[in-house]
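> Structural data only, the sequence is not supplied:
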């Protein structure tokens with residue numbers, strides 16, 4: 001029998017909500033009050049197998065349920081109560097999705113909070129020396145003013161000045177990038193300007209903007225970290241051969257142009273989330289690791305790539321193959337939550353779209 005001194009402290013946190021808030025344990029019998037801690041933990045372990053109708057990871061109910069299930073797992077492991085591997089993996093994965101949703105919400109909240117804090121700053125509440133410093137930093141209007149040594153600003157609070165400067169800089173950058181992305185569904189979108197503004201990272205910015213615009217990471221359970229890592233590797237691959245044309249700017253341009261066409265033609269309305277995601281990814285990877293030479297060059301020079309793909313759509317096959325090989329690595333696996341059927345359909349769509357960029361297949 002398991003005595004109270006051998007029960008992990010996590011159990012006592014768990015037990016407070018068993019009768020009040022357990023959403024999935026309605027089948028505890030009326031004699032539950034006479035059960036030992038071991039019996040209750042053993043019973044709760046059986047509920048880990050219940051995977052139907054779970055609250056969405058980004059809901060409030062999911063936070064409560066995830067906390068209860070995590071405590072159940074910890075208590076079971078402490079008491080050497082068997083938890084089936086598939087139940088353990090499924091529940092830990094569900095809890096990880098909850099934490100990821102919380103992280104996204106908190107990140108969004110902090111960003112909005114910073115913007116709100118900036119808008120609440122009253123001009124009169126900002127010390128004169130801070131105002132002067134900001135003016136000198138972000139405008140040229142005071143650059144020609146000659147100050148006497150005695151007029152040199154003396155900050156009463158360096159932290160206040162730095163914080164104000166950071167907030168203004170962040171606000172201006174956010175405002176600038178929002179303005180640049182305002183025309184992302186138009187032909188006039190300036191990808192070169194975005195690339196300059198983002199210090200040569202336009203592909204990840206455009207890619208992430210379009211994914212978030214349609215809430216695809218949340219809808220398709222795509223890890224934000226994996227997506228960011230994947231886009232970063234895409235930029236690295238496009239820069240591998242210092243290609244003057246088939247580079248990351250070209251990839252971002254094709255991605256935006258693809259979006260512009262499906263948006264303004266109305267085709268967007270006929271695509272589901274998985275198809276839209278596949279189209280975005282196909283545009284992103286379509287020239288990944290392009291060598292800067294043509295298919296005919298590879299065929300005539302009998303390059304390794306031509307030998308691997310038997311002289312057929314040599315580069316196009318390499319682009320899509322290299323991208324999928326990258327996705328096999330956990331850090332870049334943006335498809336980890338896809339079912340086998342979803343992965344199969346996604347892969348088919350991406351392969352067909354990328355291979356269709358071989359112009360020789362469109363002309364006799």
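Done, it's in. Since this is a predicted model, take the numbers as computed values, not measurements.
> can we go C-alpha only for contacts and neighbour counts from here?
Will do.
> can you count the residues close to residue 341?
Neighbour count of residue 341, defined by other Cα atoms under 10 Å: 9.
> show me where the stretch 101-250 of the chain has helices.
Per DSSP state H, counting those that start in this stretch, the stretch 101-250 of the chain carries helices over the ranges 128-138, 158-181, 191-197, 202-213, 216-219, 224-238, 248-264.
> Quick one: distance of stretch 220-235 to the chain centre.
Relative to its parent chain, stretch 220-235 has a centroid offset of 6 Å by Cα atoms, centre = their mean, to the nearest Å.
> Can you give me the pLDDT of the closest residue to residue 282 other than its chain neighbours?
Leaving aside its sequence neighbours, residue 282 sits nearest to residue 350 (Cα to Cα, 6 or more residues apart in numbering; 5.0 Å). Here the pLDDT value assigned to residue 350 is 98.
> correct me, but residue 350 touches residue 280?
No: Residue 350 lies out of contact with residue 280 (Cα atoms under 8 Å); the separation is 9.1 Å.
> coming back round to it: show me what the helix or strand where the residue nearest to residue 282 lies is packed against.
Residue 350 belongs to helix 340-355 when elements are defined using DSSP states H and E. Applying 3 or more Cα pairs under 8 Å, 6 or more residues apart in numbering; DSSP states H and E, one finds that helix 340-355 makes contact with helix 273-285, helix 314-327.
> Select, out of those helices, the one closest to residue 257.
helix 273-285 (9.2 Å; Cα to Cα).
> which other residues reach the following helix or strand past the closest one?
Per DSSP H and E, helix 273-285 leads on to helix 295-301 as the next helix or strand towards the C-terminus. Residues from elsewhere that reach helix 295-301 (Cα atoms under 8 Å, 6 or more residues apart in numbering): 305-306, 311, 313-315.
> just stretch 244-253 next, same as before
For stretch 244-253, using Cα under 8 Å, 6+ apart, the contacting residues are 191-192, 195, 201-203, 206-207, 234-235, 238-239, 283-287, 290, 292.
> Report the buried members of the residues you listed.
191, 195, 201-203, 206-207, 234-235, 238-239, 283-287, 290 (16 or more other Cα atoms under 10 Å).
> Residue 75 and residue 39, how far apart?
Per Cα to Cα, to the nearest Å, residue 75 is found 12 Å from residue 39.
> the more surrounded of those two?
residue 75 (25 against 14).
> That one is in contact with residue 41, isn't it?
Yes: the criterion here is Cα under 8 Å, and residue 75 meets it with residue 41 at 6.9 Å.
> The helices and strands packed on helix 340-355: which one's closest to residue 90?
When the helices and strands packed on helix 340-355 are compared for distance to residue 90 using Cα to Cα, the nearest one is helix 314-327, at 21.5 Å.
> packing partners for that closest one?
helix 273-285, helix 295-301, helix 304-308, helix 340-355.
> export these to a markdown table and tack on distance to residue 93?
Converted to a markdown table, those look like this (distance: least, Cα to Cα, whole Å):
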| stretch | distance to residue 93 |
| --- | --- |
| helix 273-285 | 21 |
| helix 295-301 | 43 |
| helix 304-308 | 38 |
| helix 340-355 | 17 |
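> what's in contact with stretch 207-221?
Looking at what lies outside stretch 207-221 - Cα under 8 Å, 6+ apart - the contacts are 97, 101, 222-224, 228, 231, 252, 255, 273-274, 277, 280, 284, 337-338.
> State the pair within these that is farthest apart.
Among these, 97 and 252 lie farthest apart (Cα to Cα), at 29.1 Å.
> Counting neighbours, go ahead and name the busier of those two.
The neighbour count for residue 97 versus residue 252, taken as other Cα under 10 Å, is higher for residue 252 (25 against 21).
> got a list of what the spatially most central residue of the chain touches?
Geometric centre of the chain, nearest residue: residue 224, 2.0 Å, by Cα atoms, centre = their mean. Counting by Cα under 8 Å, 6+ apart, residue 224 touches residue 217.
> gap between the residue nearest to residue 282 and residue 275?
9 Å.
> on that earlier part again, which of the contacts of stretch 207-221 has the most neighbours?
Busiest of the contacts of stretch 207-221 [other Cα under 10 Å] is residue 284, holding 27 neighbours.
> quick one, what contacts that one?
203, 207, 234, 251-252, 254-255.
> Repeat that for residue 337.
220-222 are the contacts of residue 337 under Cα under 8 Å, 6+ apart.
> List just the nearest of those to residue 329.
residue 222 (14.5 Å).
> That closest one reaches residue 335, doesn't it?
Yes: between residue 222 and residue 335 there is a contact at 6.8 Å, judged by Cα under 8 Å.
> Quick check, pLDDT for residue 151.
So residue 151 comes in at 51 (pLDDT).
> for residue 210, same thing?
95.
> Okay, it and residue 297: tell me how far apart.
35 Å.
> Mind checking which of these two has more residues around it?
Neighbour tally, residue 210 and residue 297, criterion other Cα under 10 Å: the higher count belongs to residue 210, 20 against 11.
> Next SSE downstream of the helix or strand bottoming out on mean pLDDT in the chain?
Least confident element among the helices and strands of the chain, by mean pLDDT, DSSP states H and E: helix 18-21 (a mean of 42). Once helix 18-21 ends, the next helix or strand along the chain (criterion: DSSP H and E) is helix 37-47.
> I'd assumed residue 206 was in contact with residue 189.
No: Residue 189 is beyond contact range of residue 206, at 10.9 Å (criterion: Cα under 8 Å).
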